[in-house]
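In: My questions concern the predicted model and sequence given below.
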Amino acid sequence: MKKDVLYFFKDLPGSLRNLGTALWKAARKISFDKALLIWALAIIAGVFLFRILNRDIRANLIFATWWEDTLEEQTLSNLAAEFVAKNPGITVKLEKMNWEAIQKNLEEHAGENGRNAKRQRTLDIFSIDPHAVRELERRSYLAKLENNEKNSGNAMPVIAFINPLFYNIDLLQDAGFDRPPKNRTEFLSYVQRLKETGHYGAGLALEKPHNMDNQILSWIWAAAGNPESEKPFSFSSKEVIETLSFLNQLKQNLYPNPFELSETELLNAFGQGKVGMIIGSTADIQKLKQVKVNFGITTIPDPESYIKEPVFPLTVWYAGINSQSIQQEEAKIFLDFLKEKAGDIAAVIYAVPGDGVRSRELSRKDPYYAKAFDMYEAGDMVWELYSPDINSFYSIVHREIELMFRGNKTPEQCAQTIQQEWNRIAETTP
């Protein structure tokens, strides 16, 4: 029995173990039964003391996100520490998880209401793939947020990025160009000339349907304007058909296998000097500066007759509260804090427009940031398209572009099919 007692106390926290050691030495002079009684009383006293000292802790939040891969080291941990200091009684544990892992966790714990043996692994707060917001809403995975921003439902927009055209300055100069293309005719001549110098003129990352947002629709918005304008947007318009025709002309000078290429792979190819021009996020600026490629950013080239303001699609970082969490009140406090700190997060990763407020200090110090914000302030922004069935729309656009590139459909036929799907999802969108 002595051995059982000793092994039991071996696993106690340090403070209780030290107290127990002192008591054990004293107890050796008395009977074992009395010693065991003293030990039991010590445990009860220690547990009681621990609960008194920690009586203010009412929530231990788990925040799962992949943002750390983009942010500077310690950015999130420093913010979490600041939050805990301002909110005694709430702790925040950061879990680095990609979207697939977060989605799996949500599915595994759906319907549990956070109360069974798995609860300690249930996420309270998580970052959200922007293309999954509507699906999360449909499956009731998000806790309700009051007074949230337009189109985002119960997903909290934290910071946003515009998606401009990136161009390799050295490759363009080697091809005889001292500036980026200003319109689509120039763009086609640039990519042709770049190919003649032994480089790929442009790249499109079309691996997944949701890549259509930045890689394809951004060209359409640049030509036809913001789809959120008051008039019903038409994908069968002259501007859209001409844009599809432009992309069809572009295909022969693209970086290889666009439908097998991810945005990360295309960005890496651009950073290695293999491709001259791509559409990317302002979040990519910091990454490209680190590989020391000589690049610039500009607006997406528009048709020659275009006289309106430039249009940029937005990529938004969302966060939400798990509807299965039993700590939703505390999670909302942290989510509000995260929104308040959006400017601090934006400043370290070129999140333009970030929280929509320009940093004059960064504008003075960094020409990339200044240029990106100038473009944002001069242009118009397109949020992710709103519809509970938007993924179906992206899939249709993805399929039609691939059929066009293969020569199985004309731009006019593609536009007609895309318009039919656009009409269908419009009927299901509140």
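Out: Perfect, thanks for sending it.

In: CA only for contacts and neighbour counts going forward, please
Out: OK.

In: Specify the beta-bridge partners of the residue lying closest to Asn226 once chain neighbours are set aside.
Out: Among residues not flanking Asn226 along the chain, Val382 sits closest, at 6.3 Å (CA to CA, 6 or more residues apart in numbering). Val382 has these beta-bridge partners by DSSP bridges: Pro313.

In: how many neighbours does Thr410 have?
Out: Neighbours of Thr410 under the rule other CA atoms under 10 Å: 18.

In: That one touches Glu400, doesn't it?
Out: No: judged on CA atoms under 8 Å, Thr410 makes no contact with Glu400 at a distance of 9.5 Å.

In: Now do stretch 98-115: everything it contacts.
Out: Stretch 98-115 is contacted by residues 64-66, 118, 122-123, 126-129, 141, 322-326 when judged by CA atoms under 8 Å, 6 or more residues apart in numbering.

In: same check, this time on stretch 59-71
Out: Stretch 59-71 has contacts (CA under 8 Å, 6+ apart) with 75-76, 89-99, 102, 122-127, 283, 327, 330-331, 345, 348-349.

In: Which single one of the contacts of stretch 98-115 is nearest to Val240?
Out: Each of those was scored against Val240 by CA to CA, and Asp129 proved nearest at 27.4 Å.

In: how close does Phe259 sit to Leu266?
Out: From Phe259 across to Leu266, the span is 11 Å (CA to CA, to the nearest Å).

In: List the ones among the contacts of stretch 98-115 that fall in strands.
Out: Of those, the ones assigned to strands by DSSP state E are Ala64, Thr65, Phe126, Ser127, Ile128.

In: State the three-state secondary structure for the most centrally placed residue in the chain.
Out: Nearest residue to the geometric centre of the chain (CA atoms, centre = their mean): Trp317, 4.3 Å. Three-state assignment for Trp317 (DSSP: H, G, I helix; E, B strand; the rest coil): strand.

In: what's it in contact with, if anything?
Out: Trp317 makes contact with Ser127, Ile128, Asp129, Pro130, Pro157, Val158, Ile159, Ala160 under the criterion CA under 8 Å, 6+ apart.

In: and it, what are its bridge partners?
Out: Applying DSSP bridges, one finds that Trp317 bridges with Ile159.

In: Of all the residues in stretch 58-65, which ones are buried?
Out: Neighbour-count burial for stretch 58-65, counted by 16 or more other CA atoms under 10 Å, picks out Ala59, Asn60, Leu61, Ile62, Phe63, Ala64, Thr65.

In: my bad, should have said stretch 309-323
Out: Those would be 310-323, for stretch 309-323 by 16+ other CA under 10 Å.

In: quick one on the thing from earlier: spatially, which two of the ones in strands among the contacts of stretch 98-115 are the most separated?
Out: Pairwise distances across the ones in strands among the contacts of stretch 98-115 (CA to CA) peak at 9.6 Å, for the pair Ala64 and Ile128.

In: which residues are common contacts for those two?
Out: By CA under 8 Å, 6+ apart, no residue touches both Ala64 and Ile128.

In: quick one: Ser234 is in a helix?
Out: No: counting by three-state DSSP, Ser234 is not part of a helix but coil.

In: Return the residues in contact with it.
Out: Neighbour list for Ser234: Gln419 [criterion: CA under 8 Å, 6+ apart].

In: mind checking how far Ser218 is from Met212?
Out: In this view, Ser218 and Met212 are 8 Å apart by CA to CA.

In: Tell me how far stretch 276-284 lies from the chain's centre.
Out: 15 Å (CA atoms, centre = their mean, to the nearest Å).

In: scratch that, stretch 255-262
Out: Relative to the chain's own centre, stretch 255-262 is displaced by 22 Å; criterion: CA atoms, centre = their mean.

In: State the phi and psi torsions of the nearest residue to Gln327 once chain neighbours are set aside.
Out: Using CA to CA, 6+ apart and skipping the chain neighbours, the partner closest in space to Gln327 is Ala59 (6.5 Å). Main-chain dihedrals, Ala59, degrees, to the nearest 10: phi -160, psi 140.

In: Can you name the residues bridging to Ala59?
Out: Listed by DSSP bridges, the beta-bridge partners for Ala59 are Ile90.

In: What subset of the contacts of stretch 59-71 is buried?
Out: Counted by 16+ other CA under 10 Å, the contacts of stretch 59-71 give 76, 90-92, 94, 96-99, 102, 122-127, 283, 327, 330-331, 345, 349 as buried.

In: Noted, bye for now.
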